[in-house]
Structures are given as structure tokens and as C-alpha cells.
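> here's my sequence, what's the structure:
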Amino acid sequence: MVVSSIKEAASTLDNFQPIYFVDDPPLERTIKTHILNLIYIRSLRLNQLTIADNYGFGHFLEEKDYNQFKRVRNGNFLKQIKKLSFCMNYYSLYRYKIFSWMPDHCPNVKHLKFRLKTFYDSYSSIITNVLSKFNDIRTFKLRIHYRGYEDEEILPSIANNFHSLTTIVIRNCNLKNNKNFIQEITQCKGLIELKFLLCTGLTIDMAKLLINANFPMLKSVKLWGDYCDEIVNWGKSISPQFYDDPEDA
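Down below sits the predicted model:
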């Protein structure tokens with residue numbers, strides 16, 4: 001967001017030239033370098049980073065803008081990050097390949113969140129690969145904002161994170177073809193919190209996998225949407241506070 005705002009402001013001030021340049025105009029390059037250096041060099045206490053493209057904040061980032069992060073990937077800036085979020089559309093996720101280098105330089109990430117505009121088949125393998133690079137992920141969140149009712153995505157694998165995951169939040173996804181994903185959840189013995197928010201396709205067979213699994217530390221099951229009675233009753237038995245009827249309060 002900082003990079004994109006500088007780009008827009010600088011293009012207006014720099015002799016009223018157009019927004020897009022083959023190379024950064026002098027004013028834009030100077031401002032961007034100084035501000036980003038302040039963040040990279042001095043913000044050693046920064047522990048949360050969100051990478052957002054035009055979908056997330058209304059700005060268009062270009063490949064050279066992502067290169068700003070590459071300049072310091074071997075320094076302390078990325079190593080401090082504990083919470084890493086990606087708010088992106090297909091174009092940024094696929095073309096700029098930020099995941100090909102960034103996870104390798106954020107070894108201390110504990111909480112990983114993806115907020116995606118849409119979900120394509122290739123996303124599953126990309127996100128699975130990102131998850132596999134982190135050895136101690138505690139929280140995994142996935143949200144899809146725009147999808148057709150009939151879309152049937154295949155969710156990424158969390159097989160490499162059984163031992164560490166404590167929180168899983170899945171929002172606005174179709175679970176119909178994701179029995180393997182549900183089975184993987186049942187292997188997360190340290191799971192404390194599980195949320196399915198506005199999801200579809202959770203069959204009774206999948207629900208039974210969760211109900212019959214051994215979750216010795218599970219304290220919270222939150223369900224928003226239309227689900228079978230079996231899993232709703234299971235959720236109520238674990239965390240009834242989320243299912244109380246307001247009229248009875």
C-alpha cells in the first residue's frame with residue numbers, strides 16, 4: 001500500500017507525467033527508497049505483515065514493486081514476522097510468484113492467512129507449497145471472497161503441519177470435494193479452535209470424520225451457515241456459547 005501510494009503521488013507531482021513508467025521516475029524512486037529503508041532497517045519490532053495488491057487496497061502493484069522486498073530478504077526485517085497475510089487476486093498470486101522466495105526468509109511465521117479474490121486449481125498446490133516451508137504454523141486461515149455457488153475448489157494440504165496447527169479457519173469455501181482435507185484436520189491433535197464460516201458441501205460422512213476424531217485440546221468449534229444437525233450438535237457440545245438462541249438469553 002505504501003509503494004502504490006507513493007507511485008500515485010509521485011506521478012502527479014513529477015511534471016504531471018502519466019502514472020505508468022518504464023522505469024521509476026526520480027521523485028518516486030527517491031521517496032520510495034527512503035521510506036522503505038526506514039521500514040526495513042528500523043522496524044525490527046514489526047511482527048505482522050500483509051501483502052495486498054489491487055484487490056486488497058485498490059492499488060495496482062507491479063513486479064518491480066515486489067522486488068523492494070527482495071532487496072532485504074537476507075536481513076532482519078522479514079525474520080521478525082510472526083503473522084503473514086496475503087490479500088491477493090489471481091494475477092498477483094500467479095504472475096509475480098512472491099511465494100517462490102518469501103517463505104524461505106520468514107522462518108518465524110506462526111500465523112498464516114490467505115484472503116483471495118477467487119480460487120483456481122493452481123492455488124491449491126501453491127498454498128500447499130507455502131505451508132510446507134513453515135515448520136511451526138499455529139494458525140491457518142483461508143477465505144475466498146468471490147465464487148460461484150457451483151464452484152468446487154480443492155483446498156490445499158496441511159499434511160506438513162499436523163504437529164503444530166492449533167487454529168484452522170475456512171471461510172466461503174465449497175468442501176464437497178475435500179474429504180482429504182477433512183481427514184487431515186482429524187490428524188491435528190493439538191487443534192484448539194476450528195471454524196467453518198459460510199462454507200458449503202460439508203457432507204454427513206465428512207462431519208462424522210470430525211465428530212469421531214480425537215481432539216484432546218479442542219475448545220472451540222464455530223459454524224456459520226447451513227450444516228447437518230450432526231456437526232452442529234457436535235459444535236454445541238464443545239462450545240455452546242456460539243449457538244445460544246438470543247431470544248433465550
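
> which SSE is immediately downstream of the helix or strand containing Ile31?
Using DSSP states H and E, Ile31 maps to helix 26-42. From helix 26-42 onward toward the C-terminus, using DSSP H and E, the following helix or strand is strand 48-52.

> next, count neighbours for Val130.
For Val130, the number of neighbouring residues by other C-beta atoms under 10 Å comes to 21. The C-beta positions use only the backbone N, C-alpha and C, and glycine is treated the same way.

> which stretches of the protein aren't confidently modelled?
Low-confidence segments of the chain (pLDDT under 70): 1-29, 32-34, 36-44, 53-77, 90-101, 147-150, 244-249.

> can you rerun that using 50?
17-22, 56, 58, 60, 73-74, 246-249 (pLDDT under 50).

> quick one: the helices in it, in order.
Ranges of helices in the chain, per DSSP state H, are 2-13, 26-42, 54-57, 63-70, 90-95, 121-132, 179-185, 204-211, 229-238.

> who are the packing partners of the last one?
Under the contact definition 3 or more C-beta pairs under 8 Å, 6 or more residues apart in numbering; DSSP states H and E, helix 229-238 sits against helix 204-211, strand 220-224.

> compare those and give me the one nearest Ile51.
Closest to Ile51 of these is strand 220-224 (C-beta to C-beta; 26.6 Å).

> quickly run through the sheet partners of that closest one, with directions.
Strand pairing for strand 220-224, determined by DSSP bridges: strand 193-197 (parallel).

> surely Asn108 meets Gln80?
Yes. Taking contacts as C-beta atoms under 8 Å, Asn108 lies within contact range of Gln80: 7.0 Å.

> which residue packs closest to Arg45, ignoring adjacent ones?
Nearest residue to Arg45 in three dimensions, chain neighbours excluded: Gln80, at 7.2 Å (C-beta to C-beta, 6 or more residues apart in numbering).

> count of residues packed around the one you found?
Neighbours of Gln80 (other C-beta under 10 Å): 16.

> who touches Asp121 in this structure?
Taking C-beta atoms under 8 Å, 6 or more residues apart in numbering, we find Asp121 in contact with 153-154.

> also the one 3 residues further on?
Residues in contact with Ser124 (C-beta under 8 Å, 6+ apart) are 153-157.

> run the last query once more with 10 Å
153-157, 178, 181 (C-beta atoms under 10 Å, 6 or more residues apart in numbering).

> now for those residues: which two are most distant?
Using C-beta to C-beta, the contacts of Ser124 span at most 13.2 Å, a distance reached by Glu153 and Ser157.

> right, and Asn47 touches Lys110 too?
Yes. Under the criterion of C-beta atoms under 10 Å, Asn47 makes contact with Lys110 at 9.4 Å.

> name the residues contacting each of these two.
Joint contacts of Asn47 and Lys110 (C-beta under 10 Å, 6+ apart) are 81-84.

> distance of Cys106 relative to Met88?
Distance of Cys106 to Met88, computed by C-beta to C-beta, to the nearest Å: 16 Å.

> looking at the two, which is more packed in?
Met88 (23 against 19).

> what's opposite that one in the beta bridge?
Leu116.

> right, and it touches Tyr120 too?
No. Using C-beta under 10 Å, Met88 is not in contact with Tyr120; the gap is 11.9 Å.

> between Glu153 and Ser157, which one's more packed in?
Glu153 (22 against 17).

> phi, psi for the residue nearest to that one when sequence neighbours are not counted please.
Excluding the flanking residues, the one nearest Glu153 by C-beta to C-beta, 6+ apart is Phe119, at 4.5 Å. Dihedral angles of Phe119 (phi, psi; degrees, to the nearest 10) stand at phi -130, psi 120.

> show me the contacts for Phe119.
Counted by C-beta under 10 Å, 6+ apart, Phe119 has contacts 90, 127, 142-147, 151, 153-155, 172-174.

> any idea how far it is from Ile144?
For Phe119 relative to Ile144 (C-beta to C-beta), the value is 5 Å.
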